[in-house]
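Engineer: dropping the sequence and predicted coords here.
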2 protein chains.
Amino acid sequence: MTINKLIRECIQKKQLSANKLLQRLVQEDSTRGNEYKAQAIIIEKCRELGLQLDIWDIEEKQVKKHPFYRCDRGNFDENPNVVGVLKGSGGGKSLILNGHIDVVPEGDRKDWKVDPYSGKVENGRLYGRGATDMKGGTVALLLAIEVMKELEIPLKGDVLFQSVIEEESGGTGTLAALLRGYTADGAIIPEPTNLKVFPKQQGSMWFRITVKGKAAHGGTRYEGVSSIDKAITIVNRLHELEQIRNARITDALFESIPIPVPINVGKIQSGKWPSSVPDIAVIEGRIGVAPNEALKDVEQEMEQWLVETAKTDSWFKENPVEIEWFGGRWQPGDLTIDHPLMTTLSDCYQEVFGKVPVVEASPWGTDGGILSKAGNIPVLIFGPGTTEVAHDANEYIELQKIYEAAEVIALMIYNWCNQEKE
Amino acid sequence: MTINKLIRECIQKKQLSANKLLQRLVQEDSTRGNEYKAQAIIIEKCRELGLQLDIWDIEEKQVKKHPFYRCDRGNFDENPNVVGVLKGSGGGKSLILNGHIDVVPEGDRKDWKVDPYSGKVENGRLYGRGATDMKGGTVALLLAIEVMKELEIPLKGDVLFQSVIEEESGGTGTLAALLRGYTADGAIIPEPTNLKVFPKQQGSMWFRITVKGKAAHGGTRYEGVSSIDKAITIVNRLHELEQIRNARITDALFESIPIPVPINVGKIQSGKWPSSVPDIAVIEGRIGVAPNEALKDVEQEMEQWLVETAKTDSWFKENPVEIEWFGGRWQPGDLTIDHPLMTTLSDCYQEVFGKVPVVEASPWGTDGGILSKAGNIPVLIFGPGTTEVAHDANEYIELQKIYEAAEVIALMIYNWCNQEKE
């Protein structure tokens, strides 16, 4: 029996326990600051698989000096990072399998037709916050490793499973794992690519723009300057900048993506009283960073663009906006498509599906940017689930896709880790 | 000595105690729900002046059935309305002198160069929340009454001094006084007109508009619909409606006012996460109502206008905005300029200043709308202070204007209350 048939059969036997594992993970709310319960389940599973465990609380002083560190959390105690290593016999290429355990908040519960932390299964879909982003991907990784153990498949290179915190807020978990010494010859992150392969990833940064107005009584609003109206000018400027930035992108991998590097205005808040002219508005958002861009350059371009708003609106000459680059920032990723990691994964995909994978650039930043830009590790993003439902109400994952991803990843572990280390 | 000279001299002697009274009133934060401490000072002063006092807590059941009642407060306990009556000898016209004790919140304290509740005096100006809107006006009323008492000026008609709550939130205090039976042949409200006379007043209503979007991950924002972008469409529609509504206004009294009946968008809130497409936006604001308009018609016009947004933006066909008419609503006022109340006040003004007053339409709603539309009482707005600083940081009033207003109002009491009742 060929290795891929063995893997497929083994995964079929493990489906129910994989579903159960995912359900338990989704049932633990692992939003920022609450990751420990879901990590406890991960730790239990790693112990069961006999992985060499490393569980540690990130200390700010370990990470804060790194130029990629950007985090407003401060305290990471009791919400550990977890690494579980499956040691190879030596001489082969090592592989990091990285998933993040943190999830974004569930949003307005009224929009959910099921409890966001129920893990309810219906028609082959498992529902709940984090099902697709990315507890489903993490379960695929663990399933692939389980198959290696179960089938006692010999491996030369090490497999380094990582369950990290803080991905949704800028990647401090993955950065901490890197700074703790975990590196490898390649890495796979099973973010929800819908089983497409993303050798390039959009990076992104969060921004906060404070826009000034001038307060007045609403009945004489012409005596004031509305910070809401001025914020609208800025939002429109950001839409223009988005068009300009995206017109520059010619990479074929981005062809099918409507807006390769979006600028998303995610929050606005202005005013306290219906009949007063508001005098301050705060806008928060994220700007996408193309694979070939440096975050610093993107910061400068946006700052300059907003400074130039004063050319058409003199209010901003006297009252320039304040820009803050706060919270999350994700480095872009940029692997060439002829890299051995890419060709090996493509081959594995073909063996499983009998066709070449769809290769695209990812429309969002991942922790892959940190591994590649700060750790010089080749990274591919490949996983089950779709971004359409990530961060949204009624997030779900098709369970079948988890098994399929696990099959490709198991084969990838076998093929990659048994390649001679260069 | 003429009556107006006597009045002027008396006021000059009372300036320091008037300043002190205003300072004490400003030092008590009388934002909504906290009016009682400032009212206690008013009560003390009314006692000193020997007025017939009526102090009562408004009960919701007393006012809620009135069609003009629109209030979300529910409980008014321990923040009483106050009426103090100076009885005339009979046969003359009565006069209501109405001021509100409530103030709007101080806003961002960082914007204040003095403590908003300091009542600090500098260069003839007294600073603090409520100084101009309208504790300064209330002090002018009390000063005028004090002069009547001090000079023992005989009056035929009654003077009804009213210190009411809730003006800033829609006028429940004045409505309650009216429903308690307080009526008169005329009324003066010393809102900050900068000593202009406003026989017509803009009314206004608060609105809350809820705008839907569709959530998505910010990196694939094209898969969602931003409630911020959709809210911008609505804000722009409101600006258009404002233009249309104001183009209709031809009343000469509005000539010098840039926007006679403004639509003010005072608040916006949308989104929770910088890298998510927000799916709900809430806008709050106030729409101005022209003197000749009924509130109901204005509601309908705005609702219809927003329904028609769907003609140019199909999103709103499937996702119509929700409009709520909440909180405050102020009836407009509309006194003809040849009304005896108007001509009498003009004469008094001329005696004091040696020139005719500037007559305009007020750019904001007052409790005058309730007195005139619900109580059929002729109302004029005339007071010290300017709207430019009302509701703003560093609100102040020029103390000299309080004395001048008091002089005109004292003379008005004398002239009006001694006119034969028709």
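Structural biologist: It's in.
Engineer: distance of A:A144 relative to A:G137?
Structural biologist: 11 Å (C-beta to C-beta, to the nearest Å). Placement of C-beta: from N, CA and C, glycine included.
Engineer: please identify which of those two sits among more neighbours.
Structural biologist: A:G137 (31 against 26; other C-beta atoms under 10 Å in any protein chain shown).
Engineer: measure how buried A:K212 is and give me the count.
Structural biologist: By other C-beta under 10 Å, neighbour count at A:K212 equals 18.
Engineer: repeat that for A:K113.
Structural biologist: 10.
Engineer: am I right that it is in a helix?
Structural biologist: No - assigned with DSSP: H, G, I helix; E, B strand; the rest coil, A:K113 falls outside any helix and is coil.
Engineer: excluding its backbone neighbours, what's nearest it?
Structural biologist: A:N394 (5.9 Å; C-beta to C-beta, 6 or more residues apart in numbering or on different chains).
Engineer: the one you found contacts A:D115, correct?
Structural biologist: No - contact between A:N394 and A:D115 fails when scored by C-beta atoms under 8 Å: they sit 11.0 Å apart.
Engineer: for the helix ranked longest in chain A, packing partners?
Structural biologist: Among the segments of chain A that qualify as a helix by DSSP state H, the longest is helix A:3-27. Here helix A:3-27 touches helix A:36-49, strand A:125-127, helix A:136-150, helix A:340-353, helix A:399-417, going by 3 or more C-beta pairs under 8 Å, 6 or more residues apart in numbering or on different chains; DSSP states H and E.
Engineer: what do you get if the cut-off is 6 Å, keeping everything else the same?
Structural biologist: Applying 3 or more C-beta pairs under 6 Å, 6 or more residues apart in numbering or on different chains; DSSP states H and E, one finds that helix A:3-27 contacts helix A:36-49, helix A:136-150, helix A:399-417.
Engineer: ok, and for it, which residues are buried?
Structural biologist: A:4, A:6-8, A:10-11, A:14, A:18-19, A:21-27 (16 or more other C-beta atoms under 10 Å in any protein chain shown).
Engineer: nearest to chain B among these?
Structural biologist: A:V26 (18.0 Å; C-beta to the nearest C-beta).
Engineer: ok, now which ones touch that closest one?
Structural biologist: Residues counted as contacts of A:V26 (C-beta atoms under 6 Å, 6 or more residues apart in numbering or on different chains) are A:119, A:128, A:130-131, A:135.
Engineer: which among the buried residues of helix A:3-27 gets closest to B:A310?
Structural biologist: Using C-beta to C-beta, A:V26 comes nearest to B:A310 of these, at 38.3 Å.
Engineer: return the per-residue confidence for the closest one.
Structural biologist: At A:V26, the pLDDT value in this model is 98.
Engineer: can you check the one 4 residues further on too?
Structural biologist: Per-residue confidence (pLDDT) for A:S30: 97.
Engineer: out of everything not next to it in sequence, what's closest to it?
Structural biologist: In space, A:S30 is closest to A:A38, 3.9 Å off (C-beta to C-beta, 6+ apart).
Engineer: if I look at A:E106, how far off is chain B?
Structural biologist: 10 Å (C-beta to the nearest C-beta, to the nearest Å).
Engineer: tally of neighbours for that residue?
Structural biologist: 20.
Engineer: state the three-state secondary structure for it.
Structural biologist: Applying three-state DSSP: A:E106 is coil.
Engineer: what's the spacing between the spatially closest residue to it that is not a sequence neighbour and A:A247?
Structural biologist: Once flanking residues are discounted, A:E106 sits nearest to A:P116: 3.9 Å by C-beta to C-beta, 6+ apart. Distance of A:P116 to A:A247, computed by C-beta to C-beta: 38 Å.
Engineer: try A:Q52
Structural biologist: For A:Q52, the distance to A:A247 - C-beta to C-beta - is 49 Å.
Engineer: name the residue in these two with the higher neighbour count.
Structural biologist: Ranked by neighbour count (other C-beta under 10 Å), A:Q52 and A:A247 place A:Q52 first, with 12 against 8.
Engineer: ok, that one - contacts?
Structural biologist: A:Q52 sits in contact with A:V85, where contact means C-beta under 6 Å, 6+ apart.
Engineer: same deal with A:G288?
Structural biologist: So A:G288 contacts A:202, A:204, A:261-262 (C-beta under 6 Å, 6+ apart).
Engineer: if you set the cut-off to 10 Å instead, what comes out?
Structural biologist: When contacts are counted by C-beta atoms under 10 Å, 6 or more residues apart in numbering or on different chains, A:G288 touches A:202-205, A:242, A:245-246, A:249, A:259-264, A:298, A:330, A:332, A:363-365, B:218-221, B:275.
Engineer: equivalent analysis for A:K5, please.
Structural biologist: For A:K5, counting by C-beta under 10 Å, 6+ apart, there are no contacting residues.
Engineer: state the pLDDT value of it.
Structural biologist: pLDDT at A:K5 comes out at 94.
Engineer: so what does the lowest-mean-pLDDT helix or strand in chain A touch, helix or strand wise?
Structural biologist: Lowest by mean pLDDT, DSSP states H and E among the helices and strands of chain A is strand A:329-330, with a mean of 84. Under the contact criterion of 3 or more C-beta pairs under 10 Å, 6 or more residues apart in numbering or on different chains; DSSP states H and E, strand A:329-330 touches strand A:203-212, strand A:280-289, helix A:295-307, helix A:368-369.
Engineer: swap in 7 Å and give it another go.
Structural biologist: strand A:203-212 (3 or more C-beta pairs under 7 Å, 6 or more residues apart in numbering or on different chains; DSSP states H and E).
Engineer: would you list the strands that the helix or strand just after the strand it packs on pairs with, along with their directions?
Structural biologist: Counting by DSSP states H and E, the next helix or strand C-terminal to strand A:203-212 is strand A:216-217. Using DSSP bridges, strand A:216-217 pairs in its sheet with strand A:276-277 (antiparallel).
Engineer: write out the residues of the stretch 251-400 of chain A neighbouring chain B.
Structural biologist: Residues of the stretch 251-400 of chain A found near chain B, taking C-beta under 7 Å from any C-beta of the partner chain as the criterion, are A:258-259, A:262, A:264-278, A:284-286, A:288, A:327, A:363-365, A:387-388, A:390-393.
Engineer: ends of stretch A:284-297, what's the gap?
Structural biologist: 19 Å (C-alpha to C-alpha, to the nearest Å).
Engineer: tell me the contacts of the residue nearest to the spatial centre of chain A?
Structural biologist: In chain A, the C-alpha nearest the mean C-alpha coordinate belongs to A:T366, at 3.6 Å (C-alpha atoms, centre = their mean). Counting by C-beta atoms under 7 Å, 6 or more residues apart in numbering or on different chains, A:T366 makes contact with A:189, A:191, A:201, A:330, A:333, A:381.
Engineer: I'd guessed the last one sits against A:G369; true?
Structural biologist: Think A:I381. No - if you go by C-beta atoms under 7 Å, A:I381 and A:G369 don't touch, sitting 10.2 Å apart.
Engineer: shared neighbours, the two?
Structural biologist: Common neighbours of A:I381 and A:G369 (C-beta under 7 Å, 6+ apart) are A:Q201.
Engineer: name the residue of the stretch 301-422 of chain A that lies nearest to chain B.
Structural biologist: Counting by C-beta to the nearest C-beta, the stretch 301-422 of chain A gets nearest chain B through A:W364, at 3.0 Å.
Engineer: now that residue, what's its secondary structure?
Structural biologist: coil.
Engineer: so A:G368 touches A:V379, yeah?
Structural biologist: Yes - judged on C-beta under 7 Å, A:G368 makes contact with A:V379 at a distance of 3.8 Å.
Engineer: show me the shaky parts of chain A.
Structural biologist: Filtered on pLDDT under 70, chain A yields no residues whatsoever.
Engineer: how is chain A divided into domains?
Structural biologist: A:3-201+A:332-417, A:203-329 (automatic domain parsing).
Engineer: in this structure the residue of the stretch 301-422 of chain A closest to chain B contacts B:H217, no?
Structural biologist: Yes - with contact defined as C-beta under 7 Å, A:W364 reaches B:H217; the gap is 6.1 Å.
Engineer: any residues in contact with both of the two?
Structural biologist: A:T387.
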